[in-house]
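In: No sequence on hand, only this structure:
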């Protein structure tokens, strides 16, 4: 009886020490994270191009180091203002993206993908921009072949017991051309995270399905591109050239005030033009002033 009591006390003391140690790690990580968030303000506040670039690269290294700890998944990121942080509804996926822009108006996007360590042994993936110049609309890509995008939305859904994440993002491709990028992220048991899957069907039902959607338009314009979760549709502005002579030159494409959409059905997203039933969406935003998302 006495021996059992002693063992019990030792186990209790041991668990208490582990708990205190975990709390100490969390406090330290949170302190470091808050300092990084404050310093990251230079991404947009500094008028010096060199400082902005140095900050963007330093932020990448610092976040990678902090996020490499399993405990980091439960940290609070409210202090970040210059980094877009998107978390999935199932709390298994989190994406960090941020921009560096130089004095000539060109953007460089940085990104990190973090998976929940409770479900994945390998959980940290720095995102490396793809170096290929070929059309990636039909390709499935790994984290080291990433199509750069500043993500502002993530939509979670399941199909045949597998989880998929629709990502919506923005990229300032050139000083005159902006892009909206829509693609699916899923976690393959053997290959790990995969970006892109042939699930987007165009108007022609017999055409080859795309793995991602890339919309190009004039940088002076503002495009709606987002998932309406309740209706399971991807709403997009209908883009047209400002003059018919500029057809094919996307630096002159702008929304014409109408909307198209992709409807989700049985694992795929099918295109339809002319979204007329705005009341069905239940979003007043589409009836008046528009946001860029």
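Out: Yes, it's here. All figures in this text were calculated on a predicted structure; none of them were measured in a lab.
In: For the spatially most central residue of the chain, which non-adjacent residue is closest in space?
Out: Residue closest to the mean C-alpha point of the chain, counted by CA atoms, centre = their mean, is residue 151 at 3.4 Å. Nearest residue to residue 151, sequence neighbours excluded (CB to CB, 6 or more residues apart in numbering): residue 169, at 4.3 Å. Heads up, the C-betas are built off the backbone N, CA and C, glycines and all.
In: With residue 197 instead?
Out: Using CB to CB, 6+ apart and skipping the chain neighbours, the partner closest in space to residue 197 is residue 184 (4.8 Å).
In: How about the secondary structure of the one you found?
Out: Classification of residue 184 using DSSP: H, G, I helix; E, B strand; the rest coil returns strand.
In: surely it meets residue 167?
Out: Yes - assessed by CB atoms under 8 Å, residue 184 is found in contact with residue 167 at 7.3 Å.
In: which stretch of helix or strand covers the closest residue to residue 225 other than its chain neighbours?
Out: Spatial nearest neighbour of residue 225, excluding adjacent residues (CB to CB, 6+ apart): residue 180 at 4.1 Å. Per DSSP states H and E, residue 180 falls inside strand 177-188.
In: other SSEs contacting that strand?
Out: The contact analysis (3 or more CB pairs under 8 Å, 6 or more residues apart in numbering; DSSP states H and E) places strand 177-188 against strand 162-171, strand 192-195, strand 212-218.
In: Quick one: mean pLDDT over the second one.
Out: Right, the one you point to is strand 192-195. Averaging pLDDT along strand 192-195 yields 96.
In: what sits up against it?
Out: Contact with strand 192-195 is made by 113, 115, 122, 125, 140-143, 145-147, 183-188, 212, as judged by CB atoms under 8 Å, 6 or more residues apart in numbering.
In: Give me the buried entries from those residues.
Out: Neighbour-count burial within the contacts of strand 192-195 applies to 113, 115, 125, 140-143, 145-147, 183-187, 212; the criterion is 16 or more other CB atoms under 10 Å.
In: Now for those: which two are most distant?
Out: Farthest pair in the buried ones among the contacts of strand 192-195 (CB to CB) is 115 and 212. Separation: 20.4 Å.
In: now the helices for the stretch 1-150 of the chain?
Out: Ranges of helices in the stretch 1-150 of the chain, per DSSP state H, counting those that start in this stretch, are 2-39, 42-45, 49-67.
In: Tally up the residues packed near residue 196, please.
Out: By other CB atoms under 10 Å, the residues close to residue 196 number 22.
In: Quick check, it in contact with residue 143.
Out: No - the criterion here is CB under 8 Å, and residue 196 misses it with residue 143 at 11.7 Å.
In: So which bits of stretch 159-170 are buried?
Out: For stretch 159-170, a neighbour-count test (16+ other CB under 10 Å) marks 163, 164, 165, 166, 167, 168, 169, 170 as buried.
In: picking up where we left off before, so what's the residue nearest to residue 151 up against?
Out: Going by CB under 8 Å, 6+ apart, residue 169 touches 97, 149, 150, 151, 152, 153, 180, 181, 182.
In: Now that we have those, can you turn them into a markdown table and tack on distance to residue 78 and pLDDT?
Out: Output for those, formatted as a markdown table (distance: CB to CB, whole Å; pLDDT from 0 to 100):
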| residue | distance to residue 78 | pLDDT |
| --- | --- | --- |
| 97 | 17 | 96 |
| 149 | 23 | 95 |
| 150 | 19 | 95 |
| 151 | 18 | 97 |
| 152 | 17 | 96 |
| 153 | 19 | 96 |
| 180 | 27 | 96 |
| 181 | 26 | 96 |
| 182 | 27 | 97 |
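In: Can I get those in JSON lines including distance to residue 242?
Out: Below are the contacts of residue 169 laid out as JSON lines (distance: CB to CB, whole Å):
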{"residue": "97", "distance to residue 242": "30"}
{"residue": "149", "distance to residue 242": "25"}
{"residue": "150", "distance to residue 242": "25"}
{"residue": "151", "distance to residue 242": "29"}
{"residue": "152", "distance to residue 242": "26"}
{"residue": "153", "distance to residue 242": "27"}
{"residue": "180", "distance to residue 242": "18"}
{"residue": "181", "distance to residue 242": "23"}
{"residue": "182", "distance to residue 242": "24"}
